[in-house]
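**Student:** I would like to see how this sequence folds:
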Amino acid sequence: MSSVHHNATTLLLSALTFLAGIPSAAQAQAGCPSANEAVKVTLSNPSFSENVDGGIKGWKAIEHRVRGNYAFELDTKIFHSAPSSAQIRQVSPEDYGVLKQETLIPACWKGKLAKLSGYLRTDKAMGGGGALVLHVTDGSNILKWNHMSDDRVKGTQDWKRYTIELRIPDNGYMLETAVMLEDDGALWVDDLNLEITP
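**Tutor:** Got it, this is the predicted structure:
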C-alpha cells in the first residue's frame with residue numbers, strides 16, 4: 001500500500017471512530033449461528049430503495065474533512081436490482097466518502113466471522129477506488145477492519161458481486177457495515193447482505 005493510501009486509511013479509521021455515535025436502525029436482529037449454518041443480519045435499507053430528508057434511509061454519510069465534496073444519492077437509472085442503487089460521487093477534491101450503519105454485537109457473535117457481500121460498480125475511479133468495508137469497534141476505538149485493500153474496484157467497472165470477511169474479536173462491541181469511495185470518480189452499491197458465520 002502506498003504511503004498516500006496508508007495515510008488515507010489511518011485518517012478514515014480515526015474519522016469513523018470519532019463519528020461512531022449511536023447505532024442506526026440495524027441492531028442485532030439475527031440469532032446465533034449454529035455449528036453449520038450462518039445467520040443473516042437485518043440491515044436497514046440494504047438495497048437502497050428508500051430516501052429520507054437529507055439522505056439515504058438507514059445510512060450515515062461521512063466525508064474526511066468538509067461536507068459537500070461527495071454526493072450521496074439514490075440512483076433510479078443505474079441499479080443492480082430495481083428500483084434504485086446508492087451512488088457516491090466525488091464533486092470536488094477530498095480523500096473519501098463513506099455510507100455506513102452500525103450493529104450491536106451480541107455475545108454469541110464473538111469469535112465468529114462477519115461476511116459482507118454486495119454489488120459494486122464504478123466510473124472513472126482512478127484513485128483509491130471503491131470498497132466494501134467492515135469495522136469492529138470497542139465502542140470508541142476500531143479494533144479490526146477490512147477495507148478491500150488488496151481488491152479495490154478501480155477504473156470503470158460494471159456490476160460485480162464482492163465479498164469481504166472479518167473475524168469478530170472477544171472485545172468487539174459494534175460492527176460497522178459500510179461502502180467507501182476513496183478519491184475521485186463514482187461508485188454505485190446495491191443489494192448488500194451481512195451474515196455471521198461459524
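**Student:** any idea which residue of the chain is furthest from its center?
**Tutor:** Ranked by distance from the centre of the chain (Cα atoms, centre = their mean), the top residue is Ala35, with 27.0 Å.
**Student:** That one: what's its closest spatial neighbour, skipping adjacent residues?
**Tutor:** Pro198 (5.9 Å; Cβ to Cβ, 6 or more residues apart in numbering). C-betas here are computed from N, CA, C, even on glycine.
**Student:** Over to Cys108?
**Tutor:** Cys32 (3.6 Å).
**Student:** dump the residue contacts of that neighbour.
**Tutor:** By Cβ atoms under 8 Å, 6 or more residues apart in numbering, the residues touching Cys32 are 39, 106, 108-109, 196.
**Student:** and the longest strand seen in the chain, what does it pack onto?
**Tutor:** Using DSSP state E, we find that the single longest strand of the chain is strand 113-137. Judged by 3 or more Cβ pairs under 8 Å, 6 or more residues apart in numbering; DSSP states H and E, the packing partners of strand 113-137 are helix 3-18, strand 96-104, strand 142-146, strand 153-167, strand 174-182, strand 186-197.
**Student:** so which of these is the most packed in?
**Tutor:** Most buried of the helices and strands packed on strand 113-137, by mean neighbour count (mean count of other Cβ atoms under 10 Å): strand 174-182, with a mean of 25.
**Student:** Strand partners (parallel or antiparallel) of that one?
**Tutor:** Using DSSP bridges, the strands paired with strand 174-182 are strand 96-104 (antiparallel), strand 113-137 (antiparallel).
**Student:** Ala125 bridge partners, please.
**Tutor:** Gly155.
**Student:** okay, the helices and strands packed on strand 113-137 in a markdown table with mean pLDDT and distance to Arg89 next?
**Tutor:** Output for the helices and strands packed on strand 113-137, formatted as a markdown table (pLDDT from 0 to 100; distance: least, Cβ to Cβ, whole Å):
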| stretch | mean pLDDT | distance to Arg89 |
| --- | --- | --- |
| helix 3-18 | 48 | 18 |
| strand 96-104 | 97 | 8 |
| strand 142-146 | 97 | 24 |
| strand 153-167 | 98 | 13 |
| strand 174-182 | 98 | 8 |
| strand 186-197 | 98 | 4 |
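**Student:** Let's have the ones you listed in JSON lines, adding distance to Ala86.
**Tutor:** Listed next are those as JSON lines, based on distance: least, Cβ to Cβ, whole Å:
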{"stretch": "helix 3-18", "distance to Ala86": "18"}
{"stretch": "strand 96-104", "distance to Ala86": "6"}
{"stretch": "strand 142-146", "distance to Ala86": "20"}
{"stretch": "strand 153-167", "distance to Ala86": "13"}
{"stretch": "strand 174-182", "distance to Ala86": "7"}
{"stretch": "strand 186-197", "distance to Ala86": "5"}
